[in-house]
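Participant: What shape does this take:
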Amino acid sequence: MPLALAVHGGAWNIPDDALEANRAGVERTLRETWREMERGLPALDAVEAAVRLLEDDPTFNAGRGARLNREHGVEMDASIMEGASLRAGAVAAIEGVRHPVSVARLVLERSGHVLLAGRGARRFAREHGAELCRTRDLLVGRELERYLRVRRGERDLVDLEFRARRDGGPSDTVGAVAMDREGRLAAATSTGGTQDKAAGRVGDSPVIGAGTYADDRCGAASATGWGEGILRVALAKTAVDRMGDGLSPAAAGRRALSTLARVGGSAGLVLIDRSGRAAAVFDTPRMARGVVVEGGRPFVAVERKGRGA
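Facilitator: Predicted coordinates for the structure are as follows:
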């Protein structure tokens, strides 16, 4: 089967001054992961590796670069799924880990469960050797400044400032889908959550069928966008089912996005079907995405242009 890989760094109103950082981060992730896939990296390892790279890039709202919640903590969500067996693992509202997607992989392989949340998820991560970190290690820029001010006793002033200026900062997601040489599909998604979300809020990223889905008989998808809407229409599973019906990845993605009209909101998807065709689709102003299929040229973009991507 042909190799295929698609990655994203979120679909939202990415500001002009962040376009190049978003494009460069996606391009590096696509290039480095693709190189390993050409050397034989399986699909499940590939999507974990891609998302780890994006979690390490402070440009994106996942891992390092995550957003603070209303209680000035960082609660992250992630999931991963393989299409051959439909095995999946996920973590929700997890704190103090460097790579949430790798903890999700541990849940898949070692827990006997699909989803672990909160303190139990972090305890599981610690017991299974995942890399832990401090909250401040996950924060950059304005979020780090805000956190340090709270630690200095300026919480009331910080709360007042941020209530007055919620400016649509990144509240989004990173993700990847892959097909390896054996025709195996996998998908993974990770997020630092919505800006100033309620403590304990869980979005679509750790929910199998909403933010992530993979089925070797149909395809694989990773979603990004307004989490509450994505949850209500099971966006990733909807897109995968449409690929199973025979639609191309681009057509399946557009059909799935059209279901959001019932609940409002907007989103984006990266998709690969069982034949190895790949696409990225979105109805947000911009989406950081990259797609490569064996025999073709890599495609990386943030603006709305290109082959249905």
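
Participant: Strands of the stretch 201-309 of the chain, start to end?
Facilitator: 212-215, 219-225, 267-273, 278-282, 286-293, 299-301 (DSSP state E, counting those that start in this stretch).

Participant: want to try a markdown table for those, with mean pLDDT, mean neighbour count and distance to Thr259 as columns?
Facilitator: To be clear about C-beta, it is placed using only N, CA and C from the backbone, and glycine gets the same treatment. A markdown table is the format used below for the strands of the stretch 201-309 of the chain (pLDDT from 0 to 100; neighbours: other Cβ atoms under 10 Å; distance: least, Cβ to Cβ, whole Å):
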| stretch | mean pLDDT | mean neighbour count | distance to Thr259 |
| --- | --- | --- | --- |
| strand 212-215 | 98 | 30 | 14 |
| strand 219-225 | 97 | 35 | 12 |
| strand 267-273 | 97 | 31 | 10 |
| strand 278-282 | 98 | 26 | 13 |
| strand 286-293 | 97 | 27 | 18 |
| strand 299-301 | 98 | 21 | 25 |
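
Participant: For those strands, please prepare CSV with the additional fields distance to Ala256.
Facilitator: CSV is the format used below for these (distance: least, Cβ to Cβ, whole Å):
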stretch, distance to Ala256
strand 212-215, 11
strand 219-225, 8
strand 267-273, 7
strand 278-282, 8
strand 286-293, 15
strand 299-301, 20
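
Participant: State the next helix or strand along the chain beyond the helix or strand bottoming out on mean pLDDT in the chain.
Facilitator: Within the chain, no helix or strand scores below helix 155-164, which has a mean of 44 by mean pLDDT, DSSP states H and E. Downstream of helix 155-164, the first helix or strand assigned by DSSP states H and E is strand 173-179.

Participant: Quick check: next helix or strand after that next one?
Facilitator: Counting by DSSP H and E, what follows strand 173-179 is strand 185-191.

Participant: tell me the angle of that following strand relative to strand 173-179?
Facilitator: 170 degrees (axes from the mean of the first three to the mean of the last three Cα atoms, to 10 degrees).

Participant: Sheet-wise, list the partners of strand 185-191 with their directions.
Facilitator: Note on strand 185-191: by DSSP bridges, its sheet partners are strand 76-82 (antiparallel), strand 173-179 (antiparallel).

Participant: Need the winner for burial among those strands.
Facilitator: Most buried of the strands paired with strand 185-191, by mean neighbour count (mean count of other Cβ atoms under 10 Å): strand 173-179, with a mean of 35.

Participant: thinking again about what came up before, looking at the strands paired with strand 185-191, which is nearest to Glu48?
Facilitator: strand 76-82 (6.2 Å; Cβ to Cβ).
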